[in-house]
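Visitor: How does the following fold in three dimensions:
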Amino acid sequence: MRTEQIAAKALEKVGNDRYILSIMVAKRAKELSEGASVLINLDSKNTYKFTDIALMEIAEEKIVFEGVSE
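Guide: Sure, this is the predicted structure:
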């Protein structure tokens, strides 16, 4: 699947809110860079950026936005 399609699917999962998606991707990418386990199966032939992995995890609903607490 192309990056644009993955991003569109991930955006859909967060209610089409680009701000929330960008925050989620940034936080998850930081976790991955610090050694967190990848939650999806990846093709070992390719190398992926942490942000791409985060987008894929959100698109596949492995990472879910639960809302803002007040």
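Visitor: Check which element follows the lengthiest helix in the chain along the chain.
Guide: Ranked by residue count and defined by DSSP state H, the top helix of the chain is helix 18-33. Counting by DSSP states H and E, the next helix or strand C-terminal to helix 18-33 is helix 50-59.
Visitor: re the thing from before, buried sites along the longest helix of the chain?
Guide: For helix 18-33, a neighbour-count test (16 or more other Cβ atoms under 10 Å) marks 20, 21, 24, 25, 28, 29, 32 as buried. Placement of C-beta: from N, CA and C, glycine included.
Visitor: Sort out which one of these lies nearest residue 10 for me.
Guide: The closest of those to residue 10 turns out to be residue 21 (Cβ to Cβ; 6.0 Å).
Visitor: Tell me how far the closest one lies from residue 12.
Guide: As judged by Cβ to Cβ, to the nearest Å, residue 21 and residue 12 stand 10 Å apart.
Visitor: Check residue 54 too.
Guide: Using Cβ to Cβ, which is the criterion applied here, residue 54 is 16 Å from residue 12.
Visitor: So which of those two has more stuff around it?
Guide: The neighbour count for residue 54 versus residue 12, taken as other Cβ atoms under 10 Å, is higher for residue 54 (26 against 12).
Visitor: residues contacting the residue lying closest to residue 17 once chain neighbours are set aside?
Guide: Leaving aside its sequence neighbours, residue 17 sits nearest to residue 11 (Cβ to Cβ, 6 or more residues apart in numbering; 7.9 Å). Residue 11 makes contact with 17, 18, 21 under the criterion Cβ atoms under 8 Å, 6 or more residues apart in numbering.
Visitor: count of residues packed around the spatially closest residue to the last one that is not a sequence neighbour?
Guide: Taking Cβ to Cβ, 6+ apart, and ignoring the residues beside it in sequence, residue 21 has residue 14 as its nearest neighbour in space, at 4.9 Å. Counted by other Cβ under 10 Å, the residues lying close to residue 14 total 19.
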